[in-house]
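**Student:** what follows is a predicted structure for the sequence shown.
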Amino acid sequence: GAVVSQHPSRVICKSGTSVKIECRSLDFQATTMFWYRQFPKQSLMLMATSNEGSKATYEQGVEKDKFLINHASLTLSTLTVTSAHPEDSSFYICSARREGINTEAFFGQGTRLTVV
Amino acid sequence: RKEVEQDPGPFNVPEGATVAFNCTYSNSASQSFFWYRQDCRKEPKLLMSVYSSGNEDGRFTAQLNRASQYISLLIRDSKLSDSATYLCVGLTGGGNKLTFGTGTQLKVEL
């Protein structure tokens, strides 16, 4: 079964509105979760690292005021795309790793966002 | 230069063939590597972990060459269901940062 659950799997929204995506670790606590974006035929690009109880760490070029990340508990991180525009349309995926050295990452099912 | 580089392919092979993918990395501090498989419009799923020199799981063999800084994935007796994009992933940043290659697309044909 899924170890990391992401919701919603698909969302269509109007330009200018905000969209919240949830990422939950189901059977382990994750102090750190990761948010990626993937455009068609491209690789996953790390957007930010979500840290439980503290501010997220954003990758260069990712606007922190546009992509709001909240990691309020050890099993939930949320990504809110604010004032969405058509160029924000993409596949957003979260991941989490169990504590330990060299542990693999588990991915959520992904959210396909379409901004019209 | 990208931290993790892969040939994007596509590799078109007949069913039953053996196919190999290579992945090179630039960060010598990378601790371990993974091969993930990603189907179209789906999330990546772990195929194999590569910590030391290599790993084998059924038809799949992964090898790590730290001196030359490359990782390989060998698929034997390929099946139609092996068609997917294979992502090479490096773990760095004190074991906290995953860096993805662009992926290699494999198409197994009848």
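**Tutor:** That came through fine. Keep in mind that this is a model prediction, so the values were computed, not measured.

**Student:** would A:Glu87 count as being in a helix?
**Tutor:** Yes. Under DSSP: H, G, I helix; E, B strand; the rest coil, A:Glu87 sits within a helix.

**Student:** what's the helix or strand hosting B:Val89 packed up against?
**Tutor:** Assignment of secondary structure by DSSP states H and E places B:Val89 within strand B:84-92. Strand B:84-92 makes packing contacts with strand B:4-6, strand B:19-25, strand B:32-38, strand B:70-75, strand B:97-100, strand B:104-109 when contacts are defined by 3 or more CB pairs under 8 Å, 6 or more residues apart in numbering or on different chains; DSSP states H and E. Where C-beta positions appear, they are placed from N, C-alpha and C, glycine not excepted.

**Student:** pairing partners for that strand, with directions?
**Tutor:** Strands that pair with strand B:84-92, judged by DSSP bridges, come out as strand B:32-38 (antiparallel), strand B:97-100 (antiparallel), strand B:104-109 (antiparallel).

**Student:** if I pick the closest residue to A:Cys13 other than its chain neighbours, what's in contact with it?
**Tutor:** Of all residues beyond its chain neighbours, the one nearest A:Cys13 is A:Val19 (5.2 Å), with distances taken as CB to CB, 6 or more residues apart in numbering or on different chains. With contact taken as CB atoms under 8 Å, 6 or more residues apart in numbering or on different chains, A:Val19 is in contact with A:Val11, A:Cys13, A:Thr80, A:Val81, A:Ala84, A:Leu113.

**Student:** so where do the strands sit in chain A?
**Tutor:** Using DSSP state E, the strands assigned to chain A run over residues A:4-7, A:10-13, A:19-25, A:32-38, A:45-51, A:57-58, A:67-73, A:76-81, A:90-97, A:105-107, A:111-115.

**Student:** quick one on the thing from earlier: specify the beta-bridge partners of the residue nearest to A:Cys13.
**Tutor:** Here A:Val19 sits in beta bridges with A:Val81, as judged by DSSP bridges.
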